[in-house]
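Peer 1: Below is the sequence, then the predicted model.
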Amino acid sequence: MSKGRWLVDRDTAVAFGGEQGEGPTALTLLERLRLRAHRSSRAQYLAGKRANWWHNFLGIPVVVSTAIVGTSIFANISSKPQTAWVILAGALSLLAAVLASLQTFFKFSERAEKHRNAGAAYAALKREMDILKLGLETASIGPAEAYERLSQLTEGLNSLQRESLDVPDAVYDQARREQDLDAEGI
């Protein structure tokens with residue numbers, strides 16, 4: 001067959017051009033995209049969990065310290081508290097204000113939600129790729145449809161990467177390690 005035509009090799013892999021064995025096949029390209037979508041999904045979910053942890057790490061002390069300060073103020077309304085109690089209440093109040101400011105500034109709750117949404121979108125895209133892979137393996141999808149769907153999936157992946165929050169390298173590396181150990185064979 002001539003260059004630029006679709007081929008089906010003995011493994012029913014549809015090739016994007018050249019003679020058998022030349023160039024990437026639709027299945028190999030699709031598999032790379034599936035792995036990337038799966039890893040990105042996991043990384044986004046992990047980043048969401050990390051942002052949620054920070055939200056709680058800062059938020060719980062805010063709630064506790066403001067409750068303590070509020071209770072101590074009402075308990076000591078009718079009496080003159082010792083100077084140490086006043087200083088401690090002031091320090092707790094200051095700590096609560098600083099932690100609340102950090103929580104508001106970094107928007108950990110909002111970031112966690114955005115990461116979870118991105119993770120779900122990557123997972124949905126990966127499931128679409130799974131369906132396309134099945135169609136290619138069973139040769140139930142023609143070359144033109146396969147090319148069109150693969151182009152759409154690639155654009156969807158590119159769009160998600162542009163719109164998603166960045167994931168810290170350590171989190172992405174963790175997702176890669178988990179993917180390498182995945183027994184389900186993503």
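Peer 2: Cool, the structure landed.
Peer 1: mind listing what's buried in the helix or strand containing A89?
Peer 2: According to DSSP states H and E, A89 maps onto helix 83-106. Under the neighbour-count criterion of 16 or more other Cβ atoms under 10 Å, helix 83-106 has 89, 92-93, 95-96, 99-100, 103 buried. Quick note: C-beta positions are derived from backbone N, CA and C, even for glycine.
Peer 1: tell me the mean pLDDT over that helix?
Peer 2: Per-residue pLDDT values over helix 83-106 give a mean of 87.
Peer 1: next one: stretch 116-128
Peer 2: Across stretch 116-128, pLDDT averages out at 97.
Peer 1: And that stretch, what's buried?
Peer 2: Taking 16+ other Cβ under 10 Å as the neighbour-count basis, stretch 116-128 is seen to contain the buried residues 116, 118-119, 121-123, 125-126.
Peer 1: Could you tell me which residues make contact with S79?
Peer 2: Listed by Cβ atoms under 8 Å, 6 or more residues apart in numbering, the contact set of S79 is empty.
Peer 1: Assign a three-state SS to it, would you?
Peer 2: In the three-state summary, S79 is assigned as coil, counting by DSSP: H, G, I helix; E, B strand; the rest coil.
Peer 1: Okay, and the spatially most central residue of the chain sits in which element?
Peer 2: Closest to where the C-alpha atoms of the chain average out (Cα atoms, centre = their mean) is Q44, at 1.0 Å. For Q44, the element it lies in under DSSP H and E is helix 26-75.
Peer 1: Does anything pack onto that helix? Which helices or strands?
Peer 2: Helix 26-75 is packed against strand 14-15, helix 83-106, helix 108-137, helix 143-163, helix 169-180, with contacts defined by 3 or more Cβ pairs under 8 Å, 6 or more residues apart in numbering; DSSP states H and E.
Peer 1: can you tell which of these is closest to E31?
Peer 2: Shortest separation from E31 across the helices and strands packed on helix 26-75 is recorded for helix 108-137, at 7.4 Å, computed as Cβ to Cβ.
Peer 1: who are the neighbours of the closest one, in terms of helices and strands?
Peer 2: helix 26-75, helix 143-163.
Peer 1: Need the winner for burial among the ones you listed.
Peer 2: With neighbours taken as mean count of other Cβ atoms under 10 Å, the helices and strands packed on helix 108-137 reach their highest mean count in helix 26-75, at a mean of 18.
Peer 1: Just want the angle from it to helix 108-137.
Peer 2: Relative orientation of helix 26-75 versus helix 108-137 (axes from the mean of the first three to the mean of the last three Cα atoms, to 10 degrees): 160 degrees.
Peer 1: May I see the buried residues of helix 83-106 organised as TSV, with distance to R176 added?
Peer 2: Output for the buried residues of helix 83-106, formatted as TSV (distance: Cβ to Cβ, whole Å):
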residue	distance to R176
A89	48
L92	42
S93	44
L95	38
A96	39
L99	33
A100	35
Q103	30
